[in-house]
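A.B. asks: Let's see this in three dimensions:
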Amino acid sequence: MSFLRTPHLKQNPSRRGLLGAALAAVAVTAACDRPAAAPSDTADPFHLALAYVGALRKGDAGRLRALSRPGSDADADIRKRLAAYGSKNLLVERIVIGNLDISTSYLNVTLALNIMGTGTLEPHEEKLSMQLVDGRWYVNPGPT
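C.D. replies: As a prediction, this is how the structure comes out:
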């Protein structure tokens, strides 16, 4: 880094330390803007679907946001899904992964879910659109 080699920084080591600390603080702040999804959760559509259902079970909006496509406005979709399934005992009966559209890196996933603990099993079908971005899978928010 050439800016650390300027003469006024070499003469005053405390300035160099402050500059380094400031750069580190900016990097940490930028990384904290969006919670990171674990690489294993976004490695393939199957694991992404399981992680998404797990976040719904916990009612974890931040986790759902981390599993959503970067740069997307997922808030309305997350509120809708949490209202329907959040903090419920969901049982995944089946995950059907559709065909990949090579040109857009999109695919659709259908989750057959049952909500348990209501006295009867309530079957539900939830559709998720997923997209491959930089080698990782994310939920593409909105209607599918």
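A.B. asks: Could you point out the helix or strand that follows the helix or strand of the chain with the lowest mean pLDDT?
C.D. replies: Across the helices and strands of the chain, mean pLDDT, DSSP states H and E gives its lowest value to helix 13-32, namely a mean of 41. Using DSSP states H and E, the next helix or strand after helix 13-32 towards the C-terminus is helix 45-58.
A.B. asks: That following helix: which residues count as buried?
C.D. replies: Residues of helix 45-58 classed as buried under the neighbour-count rule (16 or more other Cβ atoms under 10 Å) are Pro45, Leu48, Ala49, Ala51, Tyr52, Val53, Gly54, Ala55, Leu56. C-betas here are computed from N, CA, C, even on glycine.
A.B. asks: List the contacts of stretch 95-103.
C.D. replies: Pro45, Phe46, Ala49, Leu50, Tyr106, Leu107, Asn108, Val109, Thr110, Leu111, Ala112, Leu132 (Cβ atoms under 8 Å, 6 or more residues apart in numbering).
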